[in-house]
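K.L.:
This is the structure alone, sequence omitted:
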Ligand code: FES
């Protein structure tokens, strides 16, 4: 699509944009930005700010409010020029401004840019946050599975790494922990796959119907089931049941990073079925280097049922020992997969496992 026709995300949403006049000419540009000391690179389209462009590229920059109020997204311009998209830099001292420090959420690039910025290097770099979000929608995915879509306030978004989980709490103290099923590149719109279980009061409330007037408190993120960004090995994802939720987040993040040479997804399903099968097929259709293999278990989850289908799927995967493998799902899957993969010769450092209840 021509850059001239490309509208920024904020413009599409009708969000009021300060400095509109100054930005008009920026819409025709795409700038290349390099972050130091990591060397990570991304592109800024049109008048998108530097923070939103970096997040969309899958980079885990330090930030907070996204609105010029907290100062957490400070970065130093080493070369190139920035243009303000929002006049909110009161958190910067005169000395910082003089030294070329800018707020990534309040500036865009005017031509190519080199910045010195803080990035998260793992789950331990993610601050624990407490955010009140509103329920945007609840959508059926399968008879016993719902897609819960929460939206955070514009100025208080959830900073997390793909694959991590959060605690969700409804008014009245009903709470549960869920992996985030969406990509950190959209830190305002958070998706969760909620399965109905006997005795699960949180899921029961979701299935009874939450609506736009309802709020959910989010606390997190937690967990170290995240991509090893130091590696550029091919990636294999093995999901079981609702373990597809963190795997989906990891896949979307890996796609944004564009660093892995290929991606494979093996999804084992029992009663819930492959409830986002069309999405997986669309990834497979759109990307040459994406392989999707849906497998169906005979009966309920058990180690025996997994071992009836998984060994053949792994045996058919050439070069598995040189991949990074991420496994998420119920214990019968993670136990069997861990055993089979290590027996196949995969190094333990290339195996990442998340067992869900
Ligand atoms: S994220 Fe708070 S000032 Fe940029």
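P.N.:
Received, thanks. Bear in mind that the values here come from a model prediction, so they are computed numbers and not experimental data.
K.L.:
May I have the phi/psi pair for residue 326?
P.N.:
When read as degrees, to the nearest 10, the backbone of residue 326 gives phi -110, psi 120.
K.L.:
cool, the one 10 residues further on as well?
P.N.:
Note on residue 336: backbone dihedrals following degrees, to the nearest 10 are phi -70, psi -40.
K.L.:
so which strand or helix has the residue nearest the centre of the chain?
P.N.:
Central residue of the chain (CA atoms, centre = their mean): residue 183, 2.2 Å from the mean position. Residue 183 is part of no helix or strand when elements are defined by DSSP states H and E.
K.L.:
What of the one 10 residues further on?
P.N.:
Using DSSP H and E, residue 193 sits within strand 189-195.
K.L.:
Over to residue 238?
P.N.:
Using DSSP H and E, residue 238 maps to strand 235-240.
K.L.:
Can you name the residues in contact with that strand?
P.N.:
The contact list for strand 235-240 (CB atoms under 8 Å, 6 or more residues apart in numbering) reads 227, 247-248, 250-251, 254, 260, 262-269, 301, 306, 310, 317, 320, 323-330, 332-334, 337. Backbone N, C-alpha and C define where each C-beta goes, glycine included.
K.L.:
got the phi/psi numbers for the residue nearest to the centre of the chain?
P.N.:
Phi and psi for residue 183, reported as degrees, to the nearest 10, are phi -90, psi 140.
K.L.:
following the strand holding residue 238, which helix or strand comes up?
P.N.:
Next helix or strand after strand 235-240 toward the C-terminus (DSSP H and E): helix 244-257.
K.L.:
next helix or strand past that next one?
P.N.:
Counting by DSSP H and E, the next helix or strand C-terminal to helix 244-257 is strand 263-269.
K.L.:
Now that following strand: average pLDDT?
P.N.:
Mean pLDDT, strand 263-269: 96.
K.L.:
what lines up beside it in the sheet?
P.N.:
strand 235-240 (parallel), strand 290-296 (parallel) (DSSP bridges).
K.L.:
Run through the residues that contact residue 42.
P.N.:
By CB under 8 Å, 6+ apart, the contact set of residue 42 is 33, 35, 53, 54, 56, 57, 59.
K.L.:
Helix or strand: which one has it?
P.N.:
Per DSSP H and E, residue 42 falls inside strand 41-45.
K.L.:
Any buried residues in that strand, and which?
P.N.:
In terms of neighbour count (16 or more other CB atoms under 10 Å), strand 41-45 has its buried residues at 42, 44, 45.
K.L.:
my guess is the last one meets residue 53, correct?
P.N.:
The one in question is residue 45. Yes: with contact defined as CB atoms under 8 Å, residue 45 counts as touching residue 53 (6.9 Å).
K.L.:
low pLDDT regions in the stretch 151-300 of the chain?
P.N.:
Low-confidence segments of the stretch 151-300 of the chain, defined by pLDDT under 70: none present.
K.L.:
about what we covered before: and which of the contacts of residue 42 is nearest residue 346?
P.N.:
Set against residue 346, the nearest of the contacts of residue 42 by CB to CB is residue 59 (28.0 Å).
K.L.:
Can you check the pLDDT for that closest one?
P.N.:
90.
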